[in-house]
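K.L.:
give me the fold of what follows.
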Amino acid sequence: VAWKTRVPSNAPGTPILFISDWHYGETVNPEEVHGCNVYDYKIAERRLKHVAETAVSLLKRHLAHADYPGIVLCLGGDMISGGIHDELMQTDYPHTKGEQARQAAEILSDMVAFLADEFPQVVVYGVPGNHGRMSRKPRAKLYAHDNFDTHTYLMVERFHRGAENIEFNFPLARELNFELPGRRFLLVHGDQFRGGDGQIGPMGPVIRGAQRKQFSMQYMPQMTGHETMLCGHHHQWWAGSRVCLNGSVKGFDEFALQIGAPYEPPIQTLVTVHPTYGITWVVPIYCDPGDGDHEGTERLRGMERREKER
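P.N.:
Below is the predicted model:
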């Protein structure tokens, strides 16, 4: 899929807001992670709203002579928690996949509407993740068909039926190629890239996976190949010219503590692509206000404590 609108000559580039690993419905108990994170459905909505507002603020108030043809919203999967493990079935709220997907779709729809008010055109791309699956074990066939992420995206599209400046593209494959003036991208969730170690984390498997994708797709007549892969799933933020690895909206959790993963605050990704210079800006967006020094997480913990006291 190619971007249809000409990029203005004074634009810093076409922006991409990359959202993945929201895990709406999952609960993280701060007492189980040494107080470094807290998460539930209320915080999930608050963080996503903050990411959208921060992205618009950075693009419109912190770049000189900003004039954009529109914005690309990439949804990289794991929009819901999905109760795919017994422990998630016990602790998720809302408890069911269907209710998680419905509420997530309403919030995402508000986010798309917000972006459509700020930019002349919004193009939404989405691929499913492993947490939205309806089967007990991961599958190859019907991966997107049988996935609540896909149905969440389709509900968002239905909410905006008839909107003239919003376009949607949700393939039935588990990955998507798209092109902007200056760069070709591959959007994947990333659960097919497994392995890694304590020194380099998931980067080895992800970079090797990007190379394999590039090699195999050159023989597919409908695929254009890619220069940069947008990848989620691993909950570790890293940016390079060939791979942009997204963080998560959920943030550090009990599983990350169990496997000894390095602490990382909840982060999402903002990219700008220039028709002449390619990728010009890759920015981590912290999902909590003031995060980086953990003030945002502490404030959220205080808010949750006061809500319980009421």
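
K.L.:
alpha carbons only for contacts and neighbour counts from here, please
P.N.:
Noted.

K.L.:
so where's the protein uncertain?
P.N.:
Scanning the chain for pLDDT under 70 picks out 1-10, 64-65, 195-201, 209, 211, 214-224, 291-310.

K.L.:
would you state the helices of this structure in chain order?
P.N.:
Along the chain, the stretches classed as helices by DSSP state H are 41-61, 86-91, 97-118, 148-159, 203-217, 254-259, 295-309.

K.L.:
tell me which of the ones you listed is the most buried.
P.N.:
Compared across the helices of the chain, helix 148-159 shows the largest average neighbour count, a mean of 22 (mean count of other CA atoms under 10 Å).

K.L.:
report the angle between that one and helix 97-118.
P.N.:
Between helix 148-159 and helix 97-118, the angle comes out at 50 degrees (axes from the mean of the first three to the mean of the last three CA atoms, to 10 degrees).

K.L.:
figure out how far helix 148-159 is from the centre of its chain.
P.N.:
15 Å (CA atoms, centre = their mean, to the nearest Å).

K.L.:
how about residue 157, nearest residue that isn't a chain neighbour?
P.N.:
The shortest distance from residue 157 to any non-neighbouring residue, by CA to CA, 6 or more residues apart in numbering, is to residue 168 (6.6 Å).

K.L.:
which ones are touching that neighbour?
P.N.:
123-125, 157 (CA atoms under 8 Å, 6 or more residues apart in numbering).

K.L.:
partners of it in the sheet?
P.N.:
Counting by DSSP bridges, residue 168 forms beta bridges with residue 124.

K.L.:
so which of the helices of the chain is nearest residue 30?
P.N.:
helix 295-309 (8.1 Å; CA to CA).

K.L.:
residues in contact with stretch 83-100?
P.N.:
24-27, 40-41, 80-82, 131-133, 136, 148.

K.L.:
picking up where we left off before, and which of the contacts of residue 168 is nearest residue 248?
P.N.:
Using CA to CA, residue 125 comes nearest to residue 248 of those, at 17.7 Å.

K.L.:
what's the spacing between residue 25 and residue 183?
P.N.:
For residue 25, the distance to residue 183 equals 35 Å [CA to CA, to the nearest Å].

K.L.:
swap in residue 29?
P.N.:
According to CA to CA, residue 29 and residue 183 sit 41 Å apart.

K.L.:
repeat that for residue 108.
P.N.:
From residue 108 across to residue 183, the span is 26 Å (CA to CA).

K.L.:
same question for residue 288.
P.N.:
Residue 288 sits 30 Å away from residue 183, going by CA to CA.

K.L.:
higher neighbour count, those two?
P.N.:
Between residue 288 and residue 183, residue 288 has the larger neighbour count (other CA atoms under 10 Å), namely 25 against 17.

K.L.:
quick one: that one and residue 50 touch, right?
P.N.:
Yes - in this structure residue 288 lies within contact range of residue 50 using CA atoms under 8 Å: 7.1 Å.

K.L.:
from residue 88, how far out is the closest residue to residue 32 other than its chain neighbours?
P.N.:
Counting by CA to CA, 6+ apart, residue 254 is the residue found nearest to residue 32 once chain neighbours are left out, at 6.4 Å. Distance from residue 254 to residue 88, counting by CA to CA: 11 Å.

K.L.:
with residue 30 instead?
P.N.:
From residue 30 over to residue 88 (counting by CA to CA), the distance is 16 Å.

K.L.:
again, but for residue 104
P.N.:
For residue 104, the distance to residue 88 (CA to CA) stands at 17 Å.

K.L.:
kindly report the same for residue 252.
P.N.:
When residue 252 is compared with residue 88 (using CA to CA), they lie 15 Å apart.

K.L.:
which ones are touching the spatially closest residue to residue 244 that is not a sequence neighbour?
P.N.:
Nearest non-adjacent residue to residue 244, counting by CA to CA, 6+ apart: residue 230, 5.0 Å away. Contact analysis of residue 230 by CA under 8 Å, 6+ apart lists 18, 185-188, 243-246.

K.L.:
of these, which pair is most distant in space?
P.N.:
Farthest pair in the contacts of residue 230, by CA to CA: 185 and 246, 14.3 Å.
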